[in-house]
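Enquirer: Using only what follows, build the 3D model:
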Amino acid sequence: MRTRFAFLLVLVVLVALPLCLDAQAGSKINVYAPQEGFVDSQGALIYYMSVGRGAPLLVVHGGPGASHDYFLPYLLPLMRSNRLILIDERGSGKSSKLADPHQYTVANMVEDIENVRQALALGKISLLGHSYGGVLAQAYALKYQQNLSHLILGSTFASTKELNAALAKMKSAMPPKARERVEALEAAGLYDRGEPWEHGRYPEEYAKLAWGVGYFPYTYQNRPDPNYDPLASNTGTAWDVYREMWGSHGEFVVDGNLTEVEYLDRLPKIKVPTLIIVGDHDESDPNMSREMHAKIAGSKLVILPKSGHMTFVDQPDTFVQTVRDFLAK
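Expert: Below you'll find the model as predicted:
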């Protein structure tokens, strides 16, 4: 009996000792509980997820037609210094669909951002836009600059004409046989092919060639996502949004309503502190970021080495620290 009692006493001491040491050291384990919900914005229900503490940092995703999911878990460390708010744009992710695809416009999505800001009583926000989200961030800044404390433009463009030139360059760099097959598929038409459930998206062969062979060298460099799958992008995209905005010709030319994006002459109107961040192997040609930097007075340009379009995947620590340092100023 004594032996058993002694054993139990030792066990209790061993279990309690780490707790005592933690208490003595004054260590603290932080818990960040996310909140989520929907904001009714001009008939569209916009999903948001909010987590963290500090000044608000609202993040808008690319695509168009992707969702906030691809930022996770890479941007999560920012919650330690900021209240991180991620949204799904109208028609994408968890946000509601609209019967009329013509409502998927940059202008309407800018109003969605503003309605989220007002509904959550965020006051002045920092706004981070990646890829197409960077287009939204620029458009928001050009209309609602007074509501911004900081602007972060990641791997984006200010001119669809320049983006189309960059995409054409990427296409020309493909292996000849792959490029010829891509062009043959484009000439035949990319929709209404295969089984009935496949009619609204790219054929699998085209998705593998365009998003695989064509895009992959410009998507990742230093740390390619081991789970990257061009076909997952094919099935995960909100195609009604994508076709309305990007267009129907294919991956290497934008001919949807994004052709209206020609902001270069208006960029000098942006006066808020602006960070422009891009990868040195980015599908959004770094030269476009250099031009944006020249147009926005006082902006900061950071070109991440060994990085493609997914800068926060290739260089996660550097990306987060660059954003955190910029927001702290």
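Enquirer: per-residue pLDDT, the residue nearest the centre of the chain?
Expert: The chain has H61 as the residue nearest its centroid, 3.3 Å off, counting by Cα atoms, centre = their mean. Per-residue confidence (pLDDT) for H61: 98.
Enquirer: how about the helices of the chain, start to end?
Expert: Counting by DSSP state H, one finds helices in the chain at the ranges 2-25, 106-119, 132-144, 160-172, 176-188, 204-207, 216-219, 230-236, 239-245, 286-295, 311-314, 316-328.
Enquirer: can you put those in a markdown table and add distance to S41, mean neighbour count and mean pLDDT?
Expert: For the C-beta atoms, the positions are set from N, CA and C on the backbone; glycine is no exception. Output for the helices of the chain, formatted as a markdown table (distance: least, Cβ to Cβ, whole Å; neighbours: other Cβ atoms under 10 Å; pLDDT from 0 to 100):
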| stretch | distance to S41 | mean neighbour count | mean pLDDT |
| --- | --- | --- | --- |
| helix 2-25 | 45 | 9 | 39 |
| helix 106-119 | 4 | 19 | 98 |
| helix 132-144 | 13 | 24 | 98 |
| helix 160-172 | 25 | 17 | 98 |
| helix 176-188 | 35 | 14 | 98 |
| helix 204-207 | 31 | 18 | 97 |
| helix 216-219 | 31 | 18 | 98 |
| helix 230-236 | 23 | 16 | 92 |
| helix 239-245 | 15 | 22 | 98 |
| helix 286-295 | 28 | 19 | 98 |
| helix 311-314 | 27 | 25 | 98 |
| helix 316-328 | 25 | 17 | 98 |
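Enquirer: From what I see, the residue nearest to the centre of the chain and F71 are in contact.
Expert: Yes. Under the criterion of Cβ atoms under 8 Å, H61 makes contact with F71 at 6.8 Å.
Enquirer: what's the nearest residue to E114 if we skip its chain neighbours?
Expert: Leaving aside its chain neighbours, E114 sits nearest to Y144 (5.7 Å; criterion: Cβ to Cβ, 6 or more residues apart in numbering).
Enquirer: In this structure that neighbour contacts V116, no?
Expert: No. The criterion here is Cβ under 8 Å, and Y144 misses it with V116 at 11.9 Å.
Enquirer: Next, the angle from the longest strand that the chain contains to helix 106-119.
Expert: In the chain, with assignment by DSSP state E, the single longest strand is strand 44-52. Interaxial angle of strand 44-52 relative to helix 106-119 (axes from the mean of the first three to the mean of the last three Cα atoms, to 10 degrees): 50 degrees.
Enquirer: who does strand 44-52 pair up with?
Expert: The strands beside strand 44-52 in its sheet (DSSP bridges) come out as strand 35-41 (antiparallel), strand 82-87 (antiparallel).
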